[in-house]
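J.: Sequence plus predicted model, see below.
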Protein chains: 2
Amino acid sequence: MLTNARLVYQTHDHVRCINAAINRAHEICGNANVRLTSTREAILKLLWQSHQPLGAYQLQQQLTKVSDKPIAPPTIYRAIEFLTDLGLVHRIPSLNAYVGCPFPNSDHSNIFLICESCKTVAEIADNRVNTLLEGLSDKANFKPKSQTIELFGLCPNCEPGDNDE
Amino acid sequence: MLTNARLVYQTHDHVRCINAAINRAHEICGNANVRLTSTREAILKLLWQSHQPLGAYQLQQQLTKVSDKPIAPPTIYRAIEFLTDLGLVHRIPSLNAYVGCPFPNSDHSNIFLICESCKTVAEIADNRVNTLLEGLSDKANFKPKSQTIELFGLCPNCEPGDNDE
DNA sequence: AAAATTTATGTTATATTATAACATACTATT
DNA sequence: AATAGTATGTTATAATATAACATAAATTTT
């Protein structure tokens, strides 16, 4: 099982996470022979800085603030598409928002733990889930290609009562 | 395991399905002491008539055709909200579209098999999935309240090769 | 039955999310 | 430097969803 839940829910040196993610992204782009331009990198960084997924227009606002010249929606959506195609970013369909992927390149389950209170999103990958869903698909004669699993609830910081593990 | 996959993928007397669904809806509304008005019933029926999820504006068009007077978006969204709150209808987040629920009142997994070719959607409920996801949530100290699972792929009618089971 | 209350719908306007289409600029090669 | 390929700028608009307030219909109370 892979997850970034502890990092998301507990305070930690997040700057290191961000830097590591950016480095990994450069590596992945290098391998794929595509360019992580400054706009794309800036958007990836903004998504990594926030444990809450950001919408395209939030990204636009923040990016415009940083870059001093106004950035139009198509630029944002193009960067998002680039990053999601590479698996560096996920779209959370129910939120119309985007979040950095903590384990690009790894096997994915695309399981998202979405806190209904603070909106924080953690991600999990677990093979048993994939296996089970493949089995169910198979029984229905359905050939799955990809999946998104959204769990809505309360993260440990928002759950009343015992907060720690 | 519950599923409507066979009904969705194979030709059958769908009028009976629709009527049964409407009857069930009346029953559920009666029990909940809320009203299944003609608009709400019409929208539920439209959703049941289609094995593809319909968007709010598609519903609007079709309803306007039937009712002769133009129906505005808020009316549609209100009816959708009413029906989803009762569990009679599901929203498919990645499609911004809505589909009738084949087993309201039953335990749910909210697993949707979405055909990328013909857009048909079948639904599955399976306790093992819920159990597994609860276990994963628990490890992350996340308290899940609801979930949506979207599987994207090809239904048996769109999958090249062997079509039958 | 009339008045009051609740529930549902009508109506207008607008917010939010996303894309189409075409122009310009930048990058890497030849 | 010319070319081809890739990325971004720019303008307009499509598609999805909701806010706010007015009216109507159904239900309950008197």
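T.: Received, thanks. Numbers count the residues shown, from 1 in each chain, chains lettered A, B, ... in the order given.

J.: Any part of whichever strand or helix holds residue A:78 near chain B?
T.: If you go by DSSP states H and E, residue A:78 is part of helix A:73-85. No: applying C-beta under 8 Å from any C-beta of the partner chain, one finds helix A:73-85 separated from chain B by no less than 12.6 Å. Every residue, glycine included, has its C-beta placed from N, CA and C.

J.: same thing with stretch A:105-114?
T.: Yes: counting by C-beta under 8 Å from any C-beta, chain B has neighbours in stretch A:105-114: A:111, A:113.

J.: what sits up against that stretch?
T.: Outside stretch A:105-114, the residues within contact range by C-beta atoms under 8 Å, 6 or more residues apart in numbering or on different chains are A:2, A:5, A:24, A:28, A:87, A:90, A:92, A:94-95, A:99, A:120-127, A:129-130, A:146-153, A:155, B:133, B:136-137, B:140, B:142, B:144.

J.: looking at chain A, which helix or strand is least sure?
T.: Averaged element by element with mean pLDDT, DSSP states H and E, chain A has its least confident helix or strand at helix A:56-67 (a mean of 94).

J.: Just name whatever secondary elements it is in contact with.
T.: Packed against helix A:56-67 by the contact rule (3 or more C-beta pairs under 8 Å, 6 or more residues apart in numbering or on different chains; DSSP states H and E) you find helix A:38-49, helix A:73-85, strand A:97-100.

J.: need the residues of chain A near DNA strand D, please.
T.: A:34-35, A:37-40, A:69-75, A:78-79, A:82 (C-beta under 7 Å from any atom of the strand).

J.: which pair in these spans the largest distance?
T.: Across these, the two members that end up farthest from each other (C-beta to C-beta) are A:34 and A:70, 25.8 Å apart.

J.: For chain A, give the helix that spans the most residues.
T.: helix A:14-32 (DSSP state H).

J.: residues in contact with that helix?
T.: A:7, A:35-36, A:41, A:44-45, A:48-49, A:86-88, A:100, A:102, A:104-105.

J.: what's residue A:155 in contact with, if anything?
T.: A:8, A:9, A:113, A:115, A:117, A:118, A:120, A:122, B:141, B:142.

J.: Could you do residue A:83 as well?
T.: Neighbouring residues of residue A:83 by C-beta under 8 Å, 6+ apart: A:40, A:43, A:44, A:47, A:89.

J.: mind listing what's buried in the helix or strand hosting residue A:151?
T.: Per DSSP H and E, residue A:151 falls inside strand A:143-154. Of all the residues in strand A:143-154, those buried under the rule 16 or more other C-beta atoms under 10 Å in any protein chain shown are A:143, A:144, A:147, A:148, A:149, A:150, A:151, A:152, A:153, A:154.

J.: and what of stretch A:127-134?
T.: A:129, A:130, A:132, A:133.

J.: how much space between the nearest residue to residue A:130 once chain neighbours are set aside and residue A:146?
T.: Nearest non-adjacent residue to residue A:130, counting by C-beta to C-beta, 6 or more residues apart in numbering or on different chains: residue A:109, 5.6 Å away. According to C-beta to C-beta, to the nearest Å, residue A:109 and residue A:146 sit 11 Å apart.

J.: Ok, residue A:80 next?
T.: 17 Å.

J.: thinking again about what came up before, which residues are contacting the strand holding residue A:151?
T.: A:92-94, A:109-117, A:129-130, A:133-134, A:137, B:93-94, B:113, B:116, B:133, B:137, B:142-154, B:159.

J.: what do you get if the cut-off is 6 Å, keeping everything else the same?
T.: When contacts are defined by C-beta atoms under 6 Å, 6 or more residues apart in numbering or on different chains, strand A:143-154 is touched by residues A:94, A:110-117, A:137, B:142-154, B:159.

J.: follow-up on the earlier one: pick out whichever of residue A:34 and residue A:70 has more residues nearby.
T.: Just comparing residue A:34 and residue A:70: by other C-beta atoms under 10 Å in any protein chain shown the higher neighbour count belongs to residue A:34, 13 against 10.

J.: Provide the secondary structure category for the more buried one.
T.: Per DSSP: H, G, I helix; E, B strand; the rest coil, the secondary structure class of residue A:34 is coil.

J.: Dihedrals phi and psi, it?
T.: phi -130, psi 170 (degrees, to the nearest 10).

J.: likewise residue A:35?
T.: Main-chain torsions, residue A:35, degrees, to the nearest 10: phi -110, psi 130.

J.: For it, list the residues it contacts.
T.: Residue A:35 neighbours (C-beta under 6 Å, 6+ apart): none.

J.: mind checking how far it is from residue A:29?
T.: Residue A:35 is 7 Å from residue A:29, by C-beta to C-beta.

J.: cool, and residue A:98?
T.: Distance of residue A:98 to residue A:29, computed by C-beta to C-beta: 18 Å.
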